[in-house]
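Return atomic coordinates for the entry below.
(4 chains)
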Protein chains: 2
Amino acid sequence: MERGARRGRPRSEGADVRILDAALELLLERGYVQFSVDEVAAKAEVAKTTLYRRWPTKDHLIVALVARLQDAVPVEYSGDVRADLTRYLGEIVAGLDRMRRAGRPATADDTSAGLVAEVAAAAARHGDVGAAVQEMFRRRNALVLNLLEQARDNGELRAEVDVDVLFDQLAGALYYRLLITGAVLDAAYVDRLLAGVLRGAAR
Amino acid sequence: MERGARRGRPRSEGADVRILDAALELLLERGYVQFSVDEVAAKAEVAKTTLYRRWPTKDHLIVALVARLQDAVPVEYSGDVRADLTRYLGEIVAGLDRMRRAGRPATADDTSAGLVAEVAAAAARHGDVGAAVQEMFRRRNALVLNLLEQARDNGELRAEVDVDVLFDQLAGALYYRLLITGAVLDAAYVDRLLAGVLRGAAR
DNA sequence: CTCTTTTCGCTACGGCCGTTGCGTAATGGA
DNA sequence: TCCATTACGCAACGGCCGTAGCGAAAAGAG
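From the prediction side, this is the model:
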């Protein structure tokens, strides 16, 4: 990694931050649908070519923005998995709700489901974006996978539990409802979900 | 519902079928990304305005196409939930794989994940499309929900099982992997998933 | 047959995405 | 100092989505 020893004119760091700031502001105030690259460039006072040199696609820019907003959700094993997961899933749901309220323009119906779906579509459209999205979710959820393993080792969960599958059940149910069913996501549903997942369906 | 008693020039039914045929052919051979409304109209030998009078948006047209391809997955309770669900989820996975191979143009990486994600995004963008997508999945999955209830009444599943949540766990895990994780979806994963869901995680 | 209504094809347009070409600015190297 | 390299701003373009205006065609109503 050679740093600061490149050949030609260096990239303007100011341009990066101005673009990202303008883009974030526009995304929050107008939602994804009304988000226009031309407008971002104008607002950042930057030529469109300068923007496209950094993010080769509107999708790349959007995903970069969303990735910036993602923090690893802080969770730590307390000895009570159910309580920990309730808090964790509750924060996910609250985060989606926050995105929804922020991303809603006055007129349109652009919701958090919209933004998440656009990110998923962008991930499918471009291989590198897909890799970035996977990495983003991996980071975001790493601590919880760790927590699940601790709970298993601690005897709160069965020894044979497949933690990856377990996590898929939890996150999958939430996103399935969000993206496809369009059903309500609230604390009550989180409780129902955890009850079902922990108890198991059989017999 | 007055039928055939409307005032002006009737809509050409031939136009409908020619548009849908052309659109389907183009979707299958090029994938979603390269799908162009202008091209559909040209191929169907129809003016663009004629197309837009029927489907006010590219999203509407695409979802109408996908909905046409969906059949209710046939399942019937055999007395062995695990076997029935294995077959059902296996068919879902196979269907997604079929879509992937069909929708792949020579160059791009357009997969079934892409088509599903675009449908989800379209559902979020337009309220009516969202309603149609929900209805599509409801029809598609109605039989399985019925099956789950039968299995519960038959004593194979716990009496307190929340079948809606149970279904969310199953379908959600698959779509979460498909859309976000980008992980492999195959029969082995279906087995792992069913094991986890039926057995339960706790203790 | 004439009038009204709705659809049709055609053309043109505005907005957006992403690309290209060109002259200019900023940096390191010889 | 002069050169090669890379970034910048600007302008223009092609492709696509969705819309608007227009005259013509196809039906029912009087």
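
In stretch A:61-74, which of the residues would be classed as buried?
Applying a neighbour-count criterion of 16 or more other CB atoms under 10 Å in any protein chain shown, one finds A:61-67, A:73 buried in stretch A:61-74. Glycine gets a C-beta too; all of them are placed from N, C-alpha and C.

For chain B, see how far away A:Arg53 is.
23 Å (CB to the nearest CB, to the nearest Å).

on that earlier part again, tell me the one among the buried residues of stretch A:61-74 nearest to B:Arg192.
Distance to B:Arg192 across the buried residues of stretch A:61-74 (CB to CB) is lowest for A:Val73, with 24.7 Å.

follow-up on the earlier one: now, the buried residues of stretch A:61-74 that are in helices?
Among the buried residues of stretch A:61-74, DSSP state H puts A:61-67 in helices.

coming back round to it: take the buried residues of stretch A:61-74 and write them to CSV, including pLDDT and distance to chain B.
Converted to CSV, the buried residues of stretch A:61-74 look like this (pLDDT from 0 to 100; distance: CB to the nearest CB, whole Å):
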residue, pLDDT, distance to chain B
A:Leu61, 98, 16
A:Ile62, 97, 12
A:Val63, 97, 12
A:Ala64, 97, 17
A:Leu65, 96, 17
A:Val66, 95, 12
A:Ala67, 95, 13
A:Val73, 83, 15
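
Need the max-distance pair from these.
Across the buried residues of stretch A:61-74 (CB to CB), the longest gap, 24.2 Å, separates A:Leu61 and A:Val73.

Against which helices or strands is the least confident helix or strand in chain A by mean pLDDT packed?
Between all helices and strands in chain A, the lowest mean by mean pLDDT, DSSP states H and E belongs to helix A:81-103, at a mean of 83. Where contact means 3 or more CB pairs under 8 Å, 6 or more residues apart in numbering or on different chains; DSSP states H and E, helix A:81-103 is packed against helix A:13-30, helix A:112-125, helix A:127-153, helix A:163-176, helix A:187-199.

any idea which of these is most buried?
Compared across the helices and strands packed on helix A:81-103, helix A:112-125 shows the largest average neighbour count, a mean of 25 (mean count of other CB atoms under 10 Å in any protein chain shown).

Just the angle for that one relative to helix A:13-30, thanks.
With axes from the mean of the first three to the mean of the last three CA atoms, to 10 degrees applied, the angle from helix A:112-125 to helix A:13-30 works out at 130 degrees.

Can you name every helix or strand that helix A:112-125 contacts?
Using 3+ CB pairs under 8 Å, 6+ apart, helix A:112-125 is in contact with helix A:58-69, helix A:81-103, helix A:127-153, helix B:112-125.
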